[in-house]
Structures are given as structure tokens and as C-alpha cells.
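Q: Sequence first, predicted model second:
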Amino acid sequence: MKPIQVVGVLVGAFIALLGLLWLLQGAALIQMRPILCVANCEPIVGRSLFWAATGVVAFIIGIVVVILSARRDGT
């Protein structure tokens, strides 16, 4: 595997894991306090359709990036 493929897989995996975290938070399966807040940050209380949908989209994009990066043939 070439270095650019490794970077692509790592970036895709990060995006997918972040999407999974957003999905779980949006579905109220896990709750976390905001970290490194710069503005008026409040934790998500209860379910959030916006964050669940954002998580699904990010997860799918991350998986696609991982697959495309791993299958890249060097051209």
C-alpha cells in the first residue's frame, strides 16, 4: 500500500468514526459534555434528528473514502 493510500484510509476511518459518534449522540445512546468550547456550548439533551442524520452522512462518506483509498491502483 502506498503512503497516499494509507493517508486516505486513515482520513476516511476518522470521518467514519466521527460520524458514528455523531449518530450515537443524535440517537441519545451516548452523552458527552462539550470539549474545548469557545462559544456558548451546551450538551445535546435527548434525541437530535439533525445530528443523527449528519452522523449517517459522515459515516457513509468515511466508508466510501476508505474503500476508494484502499482500492486505488496507483494511477
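A: Okay, I see it.
Q: The strand or helix carrying residue 67: how far from the chain's middle?
A: Per DSSP states H and E: residue 67 is located in helix 49-71. How far helix 49-71 lies from its chain's middle: 6 Å, per CA atoms, centre = their mean, to the nearest Å.
Q: Who are the packing partners of it?
A: helix 3-26 (3 or more CB pairs under 8 Å, 6 or more residues apart in numbering; DSSP states H and E). For glycine as for every other residue, the C-beta is placed from the backbone atoms N, C-alpha and C.
Q: Any figure for the gap between the closest residue to residue 51 other than its chain neighbours and residue 12?
A: Leaving aside its sequence neighbours, residue 51 sits nearest to residue 26 (CB to CB, 6 or more residues apart in numbering; 3.3 Å). According to CB to CB, to the nearest Å, residue 26 and residue 12 sit 21 Å apart.
Q: can you check residue 29 too?
A: Distance from residue 29 to residue 12, by CB to CB: 23 Å.
Q: Show me which of those two is the more surrounded one.
A: Remark: of residue 29 and residue 12, residue 12 carries more neighbours, 20 against 10, as counted by other CB atoms under 10 Å.
Q: pretty sure the more buried one is touching residue 65, no?
A: Yes: between residue 12 and residue 65 there is a contact under CB atoms under 8 Å: 3.1 Å.
Q: Can you pull the residues that touch both of those two?
A: Listed contacts common to residue 12 and residue 65 are nil; contacts here mean CB atoms under 8 Å, 6 or more residues apart in numbering.
Q: Show me where the chain dips below the pLDDT cut-off.
A: Applying pLDDT under 70 to the chain flags the ranges 44, 73-75.
Q: how about 50 then?
A: The model of the chain has no residue with pLDDT under 50.
Q: what about the closest residue in space to residue 13 that isn't next to it in sequence, neighbour count?
A: Spatial nearest neighbour of residue 13, chain neighbours left out: residue 66 (5.8 Å); criterion: CB to CB, 6+ apart. By the criterion of other CB under 10 Å, residue 66 has 19 neighbours.
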